[in-house]
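S.K.: I need the structure of the sequence given here:
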Amino acid sequence: MGLFGSKKEGGLMDVIRCDEKDFLIWKWSPAGEPSKRENAIRYGSSLRVKDGEVAVFVYKQKDGTMQDFIEGPFDETIKTANFPVLTSIVGTAFGGSSPFQAEIYFINLAGNIQIPFFINEFDVADSRFLDYTAPVTVKGAITFNIKDYKGFIKLNRMIDFSMDEFFEQVKRAVVRYAKSAITNAPAQLGIPLVQIERGIDQINGLVEEKLRTALGDDFGVCLKRVDLSGITINKESADYERLKAVTADLQTATLQAQTAINIQNMADLQAINAQNQAEALRIQREETQRLQRLQTETSNLTAHQINVQGDVAKTAAASIGQLGGSGGMNMGGDGGMNPAAMMTGMMMGGAVGGSMSNMIGQMTQGMNQPQPPMPPAGATAEYHISAGGAQTGPYTLEQLRQMMPGGQFTPATFIWKAGMAGWEPASNVQEVNALFATVPPPPPVGPATPPPPPAMNEG
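M.R.: The predicted structure follows:
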């Protein structure tokens, strides 16, 4: 890109315009050559400003520098009516044809400028080992433009403005802020210095964040983007070798510690699993023993009830006999019948007999009711059944099979075990339903009735 263009036309009546295609700030000169002094401009000269440009007329006066701004598109002759500042500083002694002194700059508001930069080796410390550094080199470029030209002019003195000097100032600022961001990047991003090249995208963002504010505040330009093309460590330096050695030792120690932790975690997990398994077996064993005790106690309780009820029956019979013997037949005198006593004895005997009949019937029914068989040794009792509104169990598959001939367990019996969502008919549980296919039907209730004997002929 050319920093300054050449004048295309000259003479007393000038055509003031910028024919540059790629520029940020361009100074116009009547002679077509760069000039650091003000130029004599005559009224009647033409001013042409394209869209996206602004022409700045800078007047150096005793009371300070003043500017007129002409925004494009503009194509007219220079008149005091178009230049508010010029009207106040140029007299009418020459009939409005007097020349005036000014520097004229064209500012490009539509284009972007790119400046490459290179930062030679500078020391960066590893965030884990602040005493260990390594030399780092950075290459990249920035792209910026001008959005607020009045703000730009306030920050940059337009009299004798030099684009080369402006670019050098921007480069120095870029280097300073980029070094600051990259030096702090390992700690800020948690990146080991030996792996800093892997974090180029994140570091690019840190540099861009610092430069965006600095270039706007210090130079009045708008940063478009930062492109870091490379962040490299001098791997042949002694500092890098020292850092690499201590980093390798740290990685080895970390790996060994992590391995030891993993092994301990595995051992702890195995111990917990073994403890849980032993606890589960203990609970299962206690449940089996409790079921066996319950069945034994139930059998003993039935026998005890029979004995007690037998004693009650004997006592009742003896009492009835005493009633009869002590006066049941005495009707008023010695040896006579006593109807009241007789009736009382009959009533008591009937009541006691009825009660005994009911109790014996209930006991007989309970005794006739088949009891769940004992679980075989080593089998897992895990099935609960629900019958008649009562829940029993747990039972093994073998126990369920032995309960089937007596009708205690049928395909319609509801069953549940751990892992099932809810109670299900036994026929819906696959491993239980298989039992019904192997059990024979119940045997006949009694012996077959023998045929009647042949009729005997009389005679």
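
S.K.: Output the longest strand belonging to the protein.
M.R.: strand 129-145 (DSSP state E).

S.K.: wouldn't S386 be in contact with F409 here?
M.R.: No. Between S386 and F409 there is no contact under Cβ atoms under 8 Å: 11.1 Å. For glycine as for every other residue, the C-beta is placed from the backbone atoms N, C-alpha and C.

S.K.: State the pLDDT value of R198.
M.R.: pLDDT for R198: 89.

S.K.: ok so, going back, out of S386 and F409, name the residue with the larger neighbour count.
M.R.: F409 (25 against 14; other Cβ atoms under 10 Å).

S.K.: List the buried residues in stretch 67-81.
M.R.: D68, F69, I70, G72, I78, T80 (16 or more other Cβ atoms under 10 Å).

S.K.: contact partners of that stretch?
M.R.: 16, 41, 43-59, 82-87, 90, 96, 149-150, 153, 158 (Cβ atoms under 8 Å, 6 or more residues apart in numbering).

S.K.: are any of these buried, and which?
M.R.: Looks like those have 16, 41, 43, 45, 47-50, 53-59, 83, 85-86, 90, 149, 153, 158 buried, using 16+ other Cβ under 10 Å.

S.K.: All the strands of the stretch 101-250 of the chain, residue numbers only.
M.R.: Taking DSSP state E, counting those that start in this stretch, the strands of the stretch 101-250 of the chain run over residues 113-126, 129-145, 222-233.

S.K.: Mind giving me the packing neighbours of the second one?
M.R.: Based on contacts counted as 3 or more Cβ pairs under 8 Å, 6 or more residues apart in numbering; DSSP states H and E, the elements that strand 129-145 packs against are strand 113-126, helix 163-189, helix 200-219, strand 222-233, helix 238-323.

S.K.: from the buried residues of stretch 67-81, which two are the most distant?
M.R.: Within those, G72 and T80 form the most distant pair, 20.1 Å apart (Cβ to Cβ).

S.K.: mind listing which of the buried residues of stretch 67-81 are in strands?
M.R.: D68, F69, I70.

S.K.: ok, and the helix or strand in this protein with the lowest average confidence?
M.R.: Every helix and strand of the chain was ranked by mean pLDDT, DSSP states H and E. The lowest is helix 339-368, at a mean of 54.

S.K.: downstream neighbour of it in the secondary structure list?
M.R.: Going down the chain from helix 339-368, the next helix or strand is strand 383-387, by DSSP states H and E.

S.K.: I'd like the distance from that following strand to the chain centre, please.
M.R.: Distance of strand 383-387 from its chain centroid, counting by Cα atoms, centre = their mean, to the nearest Å, is 43 Å.

S.K.: ok, and for it, which residues are buried?
M.R.: Quick answer for strand 383-387 (16+ other Cβ under 10 Å): Y383, H384, I385.

S.K.: could you redo those as a markdown table and give each row pLDDT?
M.R.: Putting those into a markdown table (pLDDT from 0 to 100) gives the following:
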| residue | pLDDT |
| --- | --- |
| Y383 | 91 |
| H384 | 91 |
| I385 | 92 |
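
S.K.: ok, so of those residues, who is nearest P425?
M.R.: Distances from P425 to those, taken by Cβ to Cβ, are shortest for I385, at 10.7 Å.

S.K.: could you check the angle strand 113-126 makes with the longest strand of the chain?
M.R.: 170 degrees (axes from the mean of the first three to the mean of the last three Cα atoms, to 10 degrees).

S.K.: Can you list the strands that strand 129-145 pairs with?
M.R.: Applying DSSP bridges to the sheet, strand 129-145 is found paired with strand 113-126 (antiparallel), strand 222-233 (antiparallel).

S.K.: quick one: average confidence on it?
M.R.: Rounded mean pLDDT across strand 129-145 is 90.

S.K.: Send me it as CSV with only the CA atoms.
M.R.: C-alpha atoms of strand 129-145 as CSV (Å, rounded to 0.1, in the frame of the first residue of the first chain):
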residue,chain,number,x,y,z
PHE,A,129,7.5,-23.3,38.3
LEU,A,130,8.0,-19.6,38.3
ASP,A,131,11.8,-19.9,38.5
TYR,A,132,11.8,-21.8,35.2
THR,A,133,11.4,-19.9,32.0
ALA,A,134,11.9,-20.5,28.2
PRO,A,135,12.4,-18.1,25.3
VAL,A,136,9.2,-17.6,23.2
THR,A,137,8.8,-16.0,19.7
VAL,A,138,5.5,-14.6,18.4
LYS,A,139,4.4,-13.7,14.8
GLY,A,140,1.1,-12.2,13.8
ALA,A,141,-0.8,-9.3,12.3
ILE,A,142,-3.5,-6.8,13.3
THR,A,143,-6.3,-5.4,11.1
PHE,A,144,-7.9,-2.0,12.0
ASN,A,145,-9.7,1.0,10.5
